[in-house]
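Asker: just to be clear, the model below is a prediction. Sequence and coordinates:
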Amino acid sequence: MPEDAVSEPEPVSGRGASGHGGSGHGASGRGASGRVVVLAGGTSAAGRAVARALLASGARVVTVGSRRDNLDAVAAELPGVHTELCDLTAEAEVADLAERIHARFGRVDGLIHLVGGWRGGGGLAGQSDDDYRALEVGLTALRHASRAFDAGLRASDAGRLAIVSSTAVERPLAGGANYAAVKAASEAWTRAVAQGFAKAARDAATDVSGAAVIFRVTALAGLEDVLAASVVDLWSHDAAELNDRVIALTPPEAPAHP
């Protein structure tokens, strides 16, 4: 395999915290406690669920959004969350954001990318440029944020990058072609980040400490708490176990009735 190649990602299933982990390379016995985690696009219901779970685990949370009213609502609902106003599609603003966060907290241990949404329908003929441009915002934000925080995540002893993708990548439909294309590109970008983590460790003759992970859902609505538990769980596993992995998020299993 060429030096810069990565293996095919290995899909696994997640129903919140999986309960198997370690405290070896790129993990910590303290889990997410004390970690500085940035939630890009974190004012949504999913972002609030993730922030709530991280706070409960002892992490320090930075929620980033583009609307001050939404950020104020998050701050009122979740005391302890630090909020930052930023247009994540503006490269210079994201670079300034990374500098502010590093200046305030001294480091970054996680970047959870939650920018995205759905637009589509109407078959292939309905895949308009307007819809594509609206969806592409998520990919642009991911590119800017992952580059701005890359050095910080590599410097962490347990840096984590995670995105939320879709099962549409596996089986795209004509009415969701724009959506699936953007999600596929976002997965490719995230896998490139994973390769960068692995190559940097290999070049330094050290164990990999950073991990880039893809969470896949059929629909995120109703899985906010599952996503939140899975994000917290990222710091309970070794980086080598997580890096370049696809984790399918599914609803919790209903308890069996006697």
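Answerer: Looks like it arrived, so ask away. These numbers come from a predicted model, not from an experiment.

Asker: and the strands in the chain, which stretches?
Answerer: Under the criterion DSSP state E, the chain contains strands at 11-14, 36-40, 60-65, 82-85, 110-113, 160-166, 211-217, 245-249.

Asker: can I get those strands in JSON lines with distance to residue 236 and mean neighbour count?
Answerer: Heads up, the C-betas are built off the backbone N, CA and C, glycines and all. Shown next, in JSON lines, are those (distance: least, C-beta to C-beta, whole Å; neighbours: other C-beta atoms under 10 Å):
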{"stretch": "strand 11-14", "distance to residue 236": "12", "mean neighbour count": "14"}
{"stretch": "strand 36-40", "distance to residue 236": "14", "mean neighbour count": "26"}
{"stretch": "strand 60-65", "distance to residue 236": "17", "mean neighbour count": "25"}
{"stretch": "strand 82-85", "distance to residue 236": "23", "mean neighbour count": "18"}
{"stretch": "strand 110-113", "distance to residue 236": "13", "mean neighbour count": "28"}
{"stretch": "strand 160-166", "distance to residue 236": "11", "mean neighbour count": "25"}
{"stretch": "strand 211-217", "distance to residue 236": "12", "mean neighbour count": "24"}
{"stretch": "strand 245-249", "distance to residue 236": "13", "mean neighbour count": "20"}
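
Asker: okay if I get those strands as CSV plus distance to residue 197 and mean pLDDT?
Answerer: As requested, these are exported to CSV (distance: least, C-beta to C-beta, whole Å; pLDDT from 0 to 100):
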stretch, distance to residue 197, mean pLDDT
strand 11-14, 18, 52
strand 36-40, 17, 98
strand 60-65, 21, 98
strand 82-85, 24, 98
strand 110-113, 12, 98
strand 160-166, 8, 97
strand 211-217, 6, 98
strand 245-249, 12, 97
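
Asker: among the ones you listed, which is nearest residue 234?
Answerer: For those, the distance to residue 234 is smallest for strand 160-166, at 4.6 Å, taking C-beta to C-beta.

Asker: now do the closest one: which elements does it pack against?
Answerer: strand 110-113, helix 129-155, helix 177-203, strand 211-217 (3 or more C-beta pairs under 8 Å, 6 or more residues apart in numbering; DSSP states H and E).

Asker: how far off centre is that strand?
Answerer: Put simply, strand 160-166 sits 3 Å off its chain's centre (C-alpha atoms, centre = their mean, to the nearest Å).

Asker: contacting residues around it?
Answerer: The contact list for strand 160-166 (C-beta atoms under 8 Å, 6 or more residues apart in numbering) reads 37, 46, 109-114, 116, 142, 146, 149, 153, 179-180, 183, 186-187, 190, 193, 210-218, 220, 227, 231, 234-235, 242, 246.

Asker: could you do stretch 199-214 as well?
Answerer: With C-beta under 8 Å, 6+ apart as the test, stretch 199-214 has contacts from 3-4, 9, 25-26, 153-154, 156-163, 165, 187, 190-191, 193-194, 197-198, 234, 237, 239-247.

Asker: quick one: contacts for the closest residue to residue 110 other than its chain neighbours?
Answerer: Spatially, and ignoring its direct neighbours in sequence, residue 110 is nearest to residue 37 (3.7 Å; C-beta to C-beta, 6 or more residues apart in numbering). Counting by C-beta under 8 Å, 6+ apart, residue 37 touches 54, 59, 60, 61, 62, 108, 109, 110, 111, 112, 160, 231.
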